[in-house]
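Enquirer: Structure of the sequence below:
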Amino acid sequence: MDLNHDACYRAISTRDVRFDGRLFIGVKTTGIYCRPICPARVPKKENVTFYSTAASAHEAGFRPCLRCRPEAAPDLAAWQGTSSTVSRALSLIEEGAMDNGDVVGLADRLGVGERQLRRLFHRHLGASPITVAQTRRVLLAKQLIHETSLPMTEVALASGFGSVRRFNQTFQQLYGRAPRALRRSKAADVSSDAAGSVTIRLRYRPPYDWPAMLGFLRLRSIPGIETVKGDAYARAIELDGVQGIIVVRPIGQDALEATVRFPKLSALPAIIARLRRVFDLAADPTAIESHLARDPVLAAMIEARPGLRVPGAWDGFELAVRALLGQQVTVTAGITLAGKLVAAHGRPLKTRHADFPELTHVFPRPKRVAESDLSHLGMTRRRIAALAALAAAVVADPKIFGARRSLDEAIMQLRSLAGVGEWTAQYIAMRELREPDAFPAADIGLMRAMEDSTKRRPTPAELLVRAEAWRPWRAYAAQHLWSSWVDRATRERKPKEGSRNMHSKEAVGELKPSI
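Expert: As a prediction, this is how the structure comes out:
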């Protein structure tokens with residue numbers, strides 16, 4: 001956003017919640033940076049400086065406020081779409097690319113020069129890649145200190161610090177005190193439990209269409225590894241051979257509550273990054289919807305479903321397998337096949353959850369699928385060969401579903417996989433690579449949603465031309481179109497032509513199995 005000093009000062013003077021996450025205030029007289037909604041007395045106009053991100057305030061030498069807690073602000077990607085390179089770089093940083101690497105390695109993975117990457121970060125985030133990575137660790141650690149009762153040693157590991165000594169030094173430098181001194185004497189309102197679970201809040205920018213997100217996940221829940229009960233989503237996970245369980249439910253109007261039961265605490269940053277991706281928590285619905293609403297057709301859809309998100313995927317290989325199994329069959333049939341695959345070749349879950357006994361396995365790893373005989377699952381030989389080839393490709397290149405230099409390059413590489421066509425590649429780019437501009441133009445559901453008053457549907461080429469005005473948020477436009485078509489089809493309660501076309505069914509948020 002435009003950090004006009006006068007406009008920003010007016011925003012903090014009224015403590016306008018709409019600016020929370022969009023700007024941070026550095027107070028020169030105290031060396032502290034705050035959120036616009038900080039309850040402290042508003043400082044004098046000449047004593048403040050404004051920053052677009054917490055990382056830029058951190059790099060300028062300010063430390064986080066203990067009252068308004070900047071780590072609790074929604075992590076918005078309001079600039080996303082103006083720099084896809086920065087977006088992909090942040091995804092890699094969240095996945096841990098800077099934990100054991102450097103800026104040169106990060107730039108190489110993105111296909112840009114180190115100096116260019118630094119310039120892009122300073123232009124869009126006001127901070128270097130190293131500072132962004134450090135700020136994320138500090139803010140996560142501070143959140144765990146305030147919201148959990150984890151011992152400080154475990155907080156250090158869970159927030160990504162390489163050692164307890166480094167953790168203590170960082171907080172001593174920032175706050176002039178030991179980390180334990182930041183924890184309030186009263187019991188934390190959210191904490192770890194006797195079973196070893198850690199519960200943490202994941203903030204987002206409202207509105208958020210949680211029923212649509214939950215409906216999407218419910219319809220596609222694979223037996224044995226995930227389930228939806230009430231307003232909660234739960235699934236079994238495996239990272240680096242370690243198993244665990246996550247449970248996510250809404251809390252309040254601006255956060256999800258994630259309960260993570262995982263024995264390896266150092267994996268918590270990666271788990272949180274995946275959860276943010278699955279539930280699309282970095283989206284700025286105000287910016288996205290104001291742009292898309294310029295199209296009158298989308299404006300009506302946005303009014304009907306404000307806060308609609310693009311559901312992400314927990315794991316790229318799992319998503320690709322889902323897509324291959326679901327081609328040319330109904331959603332229910334595709335999920336049934338996936339359930340058979342999990343039951344036959346998924347590893348049994350070692351520790352069960354009393355509230356979710358149906359979680360029994362973790363999804364099969366690529367090596368197991370590549371080496372297994374899948375003929376007993378009731379699939380065609382062509383599909384079995386495609387699954388085996390996909391699994392072998394992932395074994396050979398575990399980063400095949402990682403961020404690429406551009407959307408076009410990602411689509412090209414995905415299409416090189418056996419059984420992956422243009423639609424499947426765009427779908428994987430939307431859900432796994434989190435490409436906000438991915439758009440499967442040939443999808444029948446999108447074309448149906450854009451029917452005119454004479455029932456004429458646009459061709460894929462015509463739809464692509466129309467969608468040019470929706471850039472760089474075409475994935476969100478697609479989600480609104482799919483949801484609109486499903487809502488209409490559900491109201492009509494009539495079978496639609498091409499009902500066995502898996503393409504549109506696999507991507508629609510609330511498609512009923514009977515359609």
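Enquirer: remind me which residues of the chain are low pLDDT?
Expert: Flagging of the chain using pLDDT under 70 yields the residue ranges 1-2, 76-83, 184-196, 493-515.
Enquirer: then the longest strand belonging to it to CSV, C-alphas only?
Expert: Using DSSP state E, we find that the single longest strand of the chain is strand 242-251. In CSV, the C-alpha atoms belonging to strand 242-251 read as follows (Å, rounded to 0.1, in the frame of the first residue of the first chain):
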residue,chain,number,x,y,z
VAL,A,242,7.7,-38.9,11.5
GLN,A,243,3.9,-39.2,12.0
GLY,A,244,1.4,-36.9,13.6
ILE,A,245,-2.1,-35.5,13.6
ILE,A,246,-3.4,-32.0,13.0
VAL,A,247,-6.9,-30.7,13.9
VAL,A,248,-8.1,-27.3,12.6
ARG,A,249,-11.2,-25.4,13.5
PRO,A,250,-12.3,-21.7,13.4
ILE,A,251,-12.0,-19.5,16.5
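Enquirer: ranges for the helices of the stretch 251-400 of the chain?
Expert: Taking DSSP state H, counting those that start in this stretch, the helices of the stretch 251-400 of the chain run over residues 268-278, 285-292, 296-304, 316-326, 331-345, 366-371, 381-396.
Enquirer: Ok, which of those comes nearest Ala55?
Expert: Closest of the helices of the stretch 251-400 of the chain to Ala55 is helix 268-278, at 15.4 Å (criterion: C-beta to C-beta). Where C-beta positions appear, they are placed from N, C-alpha and C, glycine not excepted.
Enquirer: in the longest strand of the chain, what's buried?
Expert: Across strand 242-251, burial judged by 16 or more other C-beta atoms under 10 Å covers 243-250.
Enquirer: Any idea which of the helices of the stretch 251-400 of the chain gets closest to Arg10?
Expert: Of all the helices of the stretch 251-400 of the chain, it is helix 285-292 that lies closest to Arg10, at 18.2 Å by C-beta to C-beta.
Enquirer: helices or strands up against the closest one?
Expert: On a contact count with 3 or more C-beta pairs under 8 Å, 6 or more residues apart in numbering; DSSP states H and E, helix 285-292 meets helix 296-304, helix 474-492.
Enquirer: tell me the contacts of the residue nearest the centre of the chain?
Expert: In the chain, the residue lying closest to the centroid (C-alpha atoms, centre = their mean) is Arg277, at 1.1 Å. By C-beta atoms under 8 Å, 6 or more residues apart in numbering, the contact set of Arg277 is 91, 312-313, 434.
Enquirer: and if we set it to 7 Å?
Expert: 312, 434 (C-beta atoms under 7 Å, 6 or more residues apart in numbering).
Enquirer: Equivalent analysis for Ile25, please.
Expert: With contact set as C-beta under 7 Å, 6+ apart, Ile25 has these partners: 12, 33-34, 36, 48, 50.
Enquirer: Dump those residues to CSV, plus distance to Leu446, neighbour count and secondary structure.
Expert: Converted to CSV, the contacts of Ile25 look like this (distance: C-beta to C-beta, whole Å; neighbours: other C-beta atoms under 10 Å; DSSP: H, G, I helix; E, B strand; the rest coil):
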residue, distance to Leu446, neighbour count, secondary structure
Ile12, 42, 22, helix
Tyr33, 43, 26, strand
Cys34, 43, 27, strand
Pro36, 38, 23, coil
Val48, 47, 19, strand
Phe50, 40, 22, strand
